[in-house]
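Chemist: Need coordinates for the below:
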Amino acid sequence: MSNAASPAAPVANRGAITACVILAVIMQALDTTIANVALPYVQGSVAASADQINWVLTSYIVAAAIMTPPSGFLAAKFGRKNVLLTAIVGFVVASVLCGLAQSLNQIVAFRLLQGLFGAALVPLSQGILLDIYTLEERGSAMALFGVSVMVGPVLGPVIGGWLTDNISWRWVFYINVPIGALAFAGIVIFVAETKRDALAKLDWFGFGMMSLFIAALQLFLDRGEQLDWFSSGEIMIEAIVCAAAFYLLVVHTLTAEKSFVNPRLFLDQNFAVSMVFIFVVGVTYLASLALMTPYLQTLMGYPVTTAGIVMGPRGIGTMLCMFIVGRLIGKVDTRWLLLAGLGLTAWAMYDMTGWTPDVSQWTIVSVGFIQGAGLGFLFVPLTTIAFSTLPAHMRGDGTGLYNLSRNIGSSVGISIVSALIVENTQSNHESIAAYVTPFNRAFDAAAAQSLSPLTAAGRASLNELVTLQSTIIAYMDDFKLLMLMSVAVMPLVLLLRKPKAAATAPSDHTAVME
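Modeler: Next up, the predicted model:
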């Protein structure tokens with residue numbers, strides 16, 4: 001995503017430029033997780049159901065997924081500095097609108113807007129860093145960039161929890177105003193504009209079909225459970241539009257002279273397999289975060305600040321293991337590192353399948369750390385092997401598609417686990433309630449008198465208890481699904497070809513950690 005043509009900045013300004021673009025990256029990275037812990041409060045404010053409120057997360061991810069690939073074209077056409085400044089202003093304005101939202105439709109619309117503008121922040125900021133540092137210094141610069149991206153998962157839940165508990169959930173969005181203002185001012189003062197390419201072109205038909213496919217797929221998944229899937233005319237239309245857009249995208253990709261998606265990318269076996277891996281990583285990581293927030297606050301009764309603190313070590317585990325893996329790359333077979341990451345992720349999910357609301361804080365923290373460590377073992381090795389055999393001239397297209405796969409995995413994963421929570425809770429409730437009858441001898445015990453199905457108060461208490469148990473089982477089923485997905489992709493490691501000893505992850509593709 002880098003415009004390598006830009007001149008190197010004066011050494012005296014590099015520190016200021018680095019600080020400014022890192023602020024922009026942190027602002028965007030924070031918003032991927034900071035809203036998670038506030039979701040139950042947002043849900044109450046906008047009167048949304050448990051599955052509807054996750055649209056606040058998926059709308060942002062989908063919009064970012066759609067707009068990430070064309071960010072390079074926009075920078076070439078209009079100048080990287082101009083696009084970056086526009087993205088910051090748009091992101092901050094959309095953040096304020098999210099904080100002011102009074103209904104579910106408003107906050108989802110404004111989160112879409114936030115994702116559309118925020119998509120360009122990471123790749124363009126990264127491009128600036130690559131241009132102002134020499135080839136020998138880029139490794140250190142990209143390490144700093146990677147840490148700034150990972151600050152979001154670490155600080156997001158903690159800051160979001162504190163702001164929600166002490167001020168209001170709306171401040172998880174308002175906090176972007178001072179950060180954005182500092183980044184904007186610094187970029188205006190210190191960053192030089194790149195040359196514009198008036199001949200730059202974008203495959204608008206391919207881009208349009210891809211956007212329509214993703215949008216229709218997300219609507220289908222988000223609204224399917226609420227509208228009883230294919231019994232709804234709306235869901236049928238969304239399914240047809242999704243299938244038609246995908247078909248047209250595939251045909252156009254295979255027949256157009258220069259399509260939005262480069263089909264030759266999939267001839268590289270390592271890249272094609274890595275696309276599947278990063279999709280699963282997107283599903284397991286953000287979907288599990290979306291599950292943890294209501295689990296901690298609704299089922300376990302944790303205050304929002306406490307929920308944010310116990311979720312923080314997940315990001316610390318990721319950051320720590322990324323540093324460790326960075327030293328192991330080239331010394332240990334990358335495929336073994338991938339297996340270690342998948343194994344740690346599956347182990348964490350397996351442990352979570354046995355959780356009840358009585359689980360200790362230490363267990364939550366330690367298992368979260370293990371899951372984060374698994375992610376740290378996956379990100380860098382996966383990037384290394386994905387691009388190790390890809391020709392240099394195809395890496396720009398590969399980066400956009402790679403990030404797109406991860407974002408789609410994240411949004412699809414959140415939608416699926418949210419729908420399964422609602423559906424399985426209802427199914428489990430029906431199964432357990434079948435044993436709640438006046439003829440069940442268990443209700444004869446003295447300790448069960450308050451739960452007698454013969455009294456109105458007893459029936460109300462029984463329904464509350466059955467609903468709680470049904471919900472716990474539904475969460476267990478979701479964690480089990482995520483565990484099985486992590487295990488199921490392990491055999492794909494056998495399809496990966498070992499990179500040459502000199503192969504390393506291309507420094508201009510660290511954006512996969514976004």
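Chemist: Near residue 234, how many other residues are there?
Modeler: 13 (other CB atoms under 10 Å). C-beta here means a position set from N, CA and C on the backbone, and glycine is covered the same way.
Chemist: That one touches residue 228, doesn't it?
Modeler: No: applying CB atoms under 8 Å, one finds residue 234 not in contact with residue 228, separated by 10.6 Å.
Chemist: tally of neighbours for residue 351?
Modeler: Using other CB under 10 Å, residue 351 has 17 neighbouring residues.
Chemist: Let me know whether it touches residue 367 as I believe.
Modeler: Yes: assessed by CB under 8 Å, residue 351 is found in contact with residue 367 at 5.0 Å.
Chemist: mind checking how far residue 171 is from residue 178?
Modeler: Distance, residue 171 to residue 178, by CB to CB, to the nearest Å: 11 Å.
Chemist: So if I had to pick from those two, which one is more boxed in?
Modeler: For the pair residue 171 and residue 178, the greater number of neighbours falls to residue 171 (19 against 12), based on other CB under 10 Å.
Chemist: Could you look up the SS state of the closest residue to that one other than its chain neighbours?
Modeler: Leaving aside its sequence neighbours, residue 171 sits nearest to residue 163 (CB to CB, 6 or more residues apart in numbering; 4.3 Å). Classification of residue 163 using DSSP: H, G, I helix; E, B strand; the rest coil returns helix.
Chemist: Can you list the buried residues in the strand or helix carrying residue 253?
Modeler: Taking DSSP states H and E as the criterion, the element that holds residue 253 is helix 233-255. By neighbour count with 16 or more other CB atoms under 10 Å, helix 233-255 contains the buried residues 235, 238-239, 241-242, 245-246, 248-249, 252-253.
Chemist: how about JSON lines for these, with pLDDT added?
Modeler: Converted to JSON lines, the buried residues of helix 233-255 look like this (pLDDT from 0 to 100):
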{"residue": "235", "pLDDT": "89"}
{"residue": "238", "pLDDT": "89"}
{"residue": "239", "pLDDT": "92"}
{"residue": "241", "pLDDT": "93"}
{"residue": "242", "pLDDT": "92"}
{"residue": "245", "pLDDT": "93"}
{"residue": "246", "pLDDT": "92"}
{"residue": "248", "pLDDT": "93"}
{"residue": "249", "pLDDT": "91"}
{"residue": "252", "pLDDT": "90"}
{"residue": "253", "pLDDT": "88"}
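Chemist: and which of these is nearest residue 198?
Modeler: The nearest member of the buried residues of helix 233-255 to residue 198, counting by CB to CB, is residue 252 at 25.1 Å.
Chemist: Contacts only, for that closest one.
Modeler: Residue 252 sits next to 203, 205-206, 209, 259-260 when contact means CB atoms under 8 Å, 6 or more residues apart in numbering.
Chemist: and if we set it to 10 Å?
Modeler: 203, 205-206, 208-210, 259-261 (CB atoms under 10 Å, 6 or more residues apart in numbering).
Chemist: Just the buried subset of those residues, please.
Modeler: Buried, going by 16+ other CB under 10 Å: 203, 206, 209-210, 259-261, out of those.
Chemist: Which of those fall in helices?
Modeler: Among those, the members found in helices (DSSP state H) are 206, 209-210.
Chemist: Would you map the helices across the stretch 301-450 of the chain?
Modeler: For the stretch 301-450 of the chain, the helices defined by DSSP state H, counting those that start in this stretch occupy 304-328, 334-352, 361-387, 395-433.
Chemist: Kindly spell out which helices and strands sit in contact with the shortest one.
Modeler: The elements that helix 334-352 packs onto, with contact taken as 3 or more CB pairs under 10 Å, 6 or more residues apart in numbering; DSSP states H and E, are helix 269-294, helix 304-328, helix 361-387, helix 456-488.
Chemist: What is the distance between that helix and the centre of its chain?
Modeler: 18 Å (CA atoms, centre = their mean, to the nearest Å).
Chemist: That one vs helix 269-294, what angle?
Modeler: Angle, helix 334-352 to helix 269-294, by axes from the mean of the first three to the mean of the last three CA atoms, to 10 degrees: 20 degrees.
Chemist: just for the stretch 151-300 of the chain, where's the confidence low?
Modeler: 152-154 (pLDDT under 70).
Chemist: Mind giving me the packing neighbours of the one helix or strand residue 112 maps to?
Modeler: Secondary structure assigned from DSSP H and E places residue 112 in helix 104-118. Packing contacts for helix 104-118, counted by 3+ CB pairs under 10 Å, 6+ apart, involve helix 11-30, helix 39-46, helix 55-67, helix 80-100, helix 171-174.
Chemist: Rounded mean pLDDT for the longest one, please.
Modeler: Just to be clear, that refers to helix 80-100. What helix 80-100 shows for mean pLDDT is 92.
Chemist: for that helix, which positions count as buried?
Modeler: 80-81, 83-85, 87-88, 90-99.
Chemist: List the contacts of the nearest residue to residue 397 once chain neighbours are set aside.
Modeler: Nearest residue to residue 397, sequence neighbours excluded (CB to CB, 6+ apart): residue 262, at 4.4 Å. In this structure, residue 262 makes contact with 253, 394, 396-398, 400-401, judged by CB under 10 Å, 6+ apart.
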